[in-house]
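**Student:** got a structure for you, letters missing:
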């Protein structure tokens, strides 16, 4: 397999992360300097699941680098409905594009796809697995707001199925970060993720409520608890309510607490938080463009081969 | 083999006859003998002579299973898979009633194409041209695609 696929954040060293974030900061400061850098490059978009932010920000990123996209389009309008395998779809798409972005409902899809293509492939979500480009923009946002070392972060919500959570927690093991995981018992981190975090020497601290830990946090990373994870509406409402924050709840936090969310949110962060200095989730979403520009710039290389 | 052949009252004890040419798989974890046969694809259908001892007293394991197969020597692939469910097993190759080779199984770093992933959301369980791959951990195996760790019931995941 090529070494320049980005499949999981586990493959990223501290130096790799820093290289992308440094490049993203350069691009952020002067986007015009790279406006034609990848003129003629085509990015293949293979989204087997719906996406708004990830897909739009990859499109914006390649276009702001002077390139363009070729898009498989919605699954129901593609040859996937004719029963084509993912392996065949990606091999064909690799012939049309200089790099590929893949989102697929099955875990391990990007690992497998990477074995079949000879252009760089970025995993933009494989089921409950990984979402490493989201992690890079999360890390960029944390760096800008709180710094990546000497960091105390609370990660809250659906930790079991949340791929952004899995990817972020792996990547944070490269830094001096104290990670606290806040969720109902039924949505705790998968044991595979805990296993990996332990392998990296990280301490996994799990909490069922945020109140006790909130005052010591530099960053609170909130994720959505999905209705479909619960057998009935009442249970969902009760559980989800315990992991909802609003401006009142944040009174207990440090003034410089940064609140993040990969979006979309439903009601886990009340709109009254938007107007506080804590809110960084829209900035986080905007950071998707410079960070993905940096990532594409590095994967496509200097020569645009 | 240190089995019951040398007992004073051998007629009341388990008696497993010696084999002429073949393999004795000893020190199999109690309860795994039938899985060992399943892995090796041995169901007696080829007419080979097969003896199975289950829950036999053992010095090394409190209770062990033992499998004797006449006319069959194991390949490395077979030993690799065997090692996943019977990590303490010893393999004795018998020729002309003598044990000519005796070795412990060694766990490989990885196995390909012998286990299927229990995660129904894993790409390897879809209709894709991909061979399953598992990393062998100290106490289980891990899917090389979705990362699922299997500790219990590995034998259930063996592709037959």
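**Tutor:** Looks like it arrived, so ask away. These figures come from a predicted structure and were not determined experimentally.
**Student:** which helix or strand in chain B has the lowest average pLDDT?
**Tutor:** None of the helices or strands of chain B scores lower by mean pLDDT, DSSP states H and E than helix B:76-85, at a mean of 83.
**Student:** would you tell me what the next helix or strand after it is?
**Tutor:** Remark: after helix B:76-85, the chain's next helix or strand is strand B:90-95, criterion DSSP states H and E.
**Student:** next, the buried residues of the least confident helix or strand of chain B.
**Tutor:** Residues B:78, B:79, B:80, B:81, B:82, B:83, B:84, B:85 are the ones in helix B:76-85 that count as buried (16 or more other C-beta atoms under 10 Å in any protein chain shown). From N, CA and C alone the C-beta is placed, and that goes for glycine too.
**Student:** does residue A:296 sit in a helix, a strand or a coil?
**Tutor:** Under the three-state scheme (DSSP: H, G, I helix; E, B strand; the rest coil), residue A:296 adopts helix.
**Student:** do you know how far it is from residue A:180?
**Tutor:** Look at residue A:296 and residue A:180: by C-beta to C-beta, to the nearest Å, they are 33 Å apart.
**Student:** so the two - more neighbours on which side?
**Tutor:** The residue with more neighbours, out of residue A:296 and residue A:180, is residue A:296; 25 against 21, by other C-beta atoms under 10 Å in any protein chain shown.
**Student:** quick check: that one touching residue A:99?
**Tutor:** Yes - contact criterion C-beta atoms under 8 Å: residue A:296 and residue A:99 qualify, at 6.7 Å.
**Student:** just the endpoints, please. Distance across stretch A:246-266?
**Tutor:** End-to-end distance of stretch A:246-266 (C-alpha to C-alpha, to the nearest Å): 13 Å.
**Student:** which positions within it qualify as buried?
**Tutor:** Judged by neighbour count (16+ other C-beta under 10 Å), stretch A:246-266 contains these buried residues: A:247, A:250, A:253, A:257, A:258, A:259, A:260, A:261, A:262, A:263, A:265.
**Student:** quick check, distance from it to the centre of its chain.
**Tutor:** Put simply, stretch A:246-266 sits 18 Å off its chain's centre (C-alpha atoms, centre = their mean, to the nearest Å).
**Student:** let me see the contact set for the residue in the stretch 51-200 of chain A that chain B sits nearest to.
**Tutor:** Relative to chain B, the nearest point of the stretch 51-200 of chain A is residue A:108 (2.9 Å; C-beta to the nearest C-beta). With contacts defined as C-beta atoms under 8 Å, 6 or more residues apart in numbering or on different chains, residue A:108 is in contact with A:126, A:129, B:122, B:123, B:124, B:143, B:144, B:145, B:146, B:147.
**Student:** at 7 Å what do you get?
**Tutor:** Going by C-beta atoms under 7 Å, 6 or more residues apart in numbering or on different chains, residue A:108 touches A:126, A:129, B:122, B:123, B:124, B:143, B:145, B:146.
**Student:** helix, strand, or coil at whichever residue of chain B sits closest to chain A?
**Tutor:** Evaluated by C-beta to the nearest C-beta, chain B has residue B:145 as its residue closest to chain A, separated by 2.9 Å. Three-state call for residue B:145 (three-state DSSP): coil.
**Student:** number of residues surrounding the closest residue in space to residue A:147 that isn't next to it in sequence?
**Tutor:** Leaving out its chain neighbours, the residue that sits closest to residue A:147 by C-beta to C-beta, 6 or more residues apart in numbering or on different chains is residue A:218, at 7.9 Å. Residue A:218 is flanked by 20 other residues according to other C-beta under 10 Å.
**Student:** who's in contact with residue B:132?
**Tutor:** Counting by C-beta under 7 Å, 6+ apart, residue B:132 touches B:112, B:113, B:115, B:116, B:117, B:124.
**Student:** of the residues you listed, which are in range of chain A?
**Tutor:** Counting by C-beta under 7 Å from any C-beta of the partner chain, residue B:124 from the contacts of residue B:132 sit close to chain A.
**Student:** which of the contacts of residue B:132 count as buried?
**Tutor:** Buried by 16+ other C-beta under 10 Å: B:115, B:116, B:117, B:124, out of the contacts of residue B:132.
**Student:** residue boundaries of the strands in chain B?
**Tutor:** Using DSSP state E, the strands found in chain B span residues B:22-29, B:50-57, B:63-70, B:90-95, B:98-104, B:110-112, B:133-137, B:140-143, B:149-150.
**Student:** make TSV out of those and add mean pLDDT.
**Tutor:** Output for the strands of chain B, formatted as TSV (pLDDT from 0 to 100):
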stretch	mean pLDDT
strand B:22-29	93
strand B:50-57	92
strand B:63-70	93
strand B:90-95	93
strand B:98-104	91
strand B:110-112	92
strand B:133-137	95
strand B:140-143	94
strand B:149-150	96
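**Student:** can I get these in CSV with distance to residue B:39?
**Tutor:** As requested, these are exported to CSV (distance: least, C-beta to C-beta, whole Å):
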stretch, distance to residue B:39
strand B:22-29, 10
strand B:50-57, 14
strand B:63-70, 10
strand B:90-95, 13
strand B:98-104, 17
strand B:110-112, 11
strand B:133-137, 14
strand B:140-143, 14
strand B:149-150, 15
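**Student:** which stretch among those comes nearest residue A:42?
**Tutor:** Closest approach to residue A:42 among the strands of chain B is made by strand B:133-137 (31.4 Å; C-beta to C-beta).
**Student:** what angle sits between that closest one and helix B:76-85?
**Tutor:** Calculated by axes from the mean of the first three to the mean of the last three C-alpha atoms, to 10 degrees, strand B:133-137 forms an angle of 50 degrees with helix B:76-85.
**Student:** so what touches strand B:133-137?
**Tutor:** Residues from elsewhere that reach strand B:133-137, judged by C-beta under 7 Å, 6+ apart: B:84, B:107-112, B:115, B:141-144, B:149.
**Student:** please repeat the previous calculation with a cut-off of 6 Å.
**Tutor:** B:107, B:108, B:109, B:110, B:111, B:112, B:115, B:141, B:142, B:143, B:144 (C-beta atoms under 6 Å, 6 or more residues apart in numbering or on different chains).
**Student:** can you report phi and psi for the last one?
**Tutor:** For residue B:144, the backbone dihedrals (degrees, to the nearest 10) come out as phi -70, psi -10.
**Student:** can you get me a residue count around the nearest residue to it once chain neighbours are set aside?
**Tutor:** Nearest residue to residue B:144, sequence neighbours excluded (C-beta to C-beta, 6+ apart): residue B:133, at 3.7 Å. Using other C-beta under 10 Å, residue B:133 has 20 neighbouring residues.
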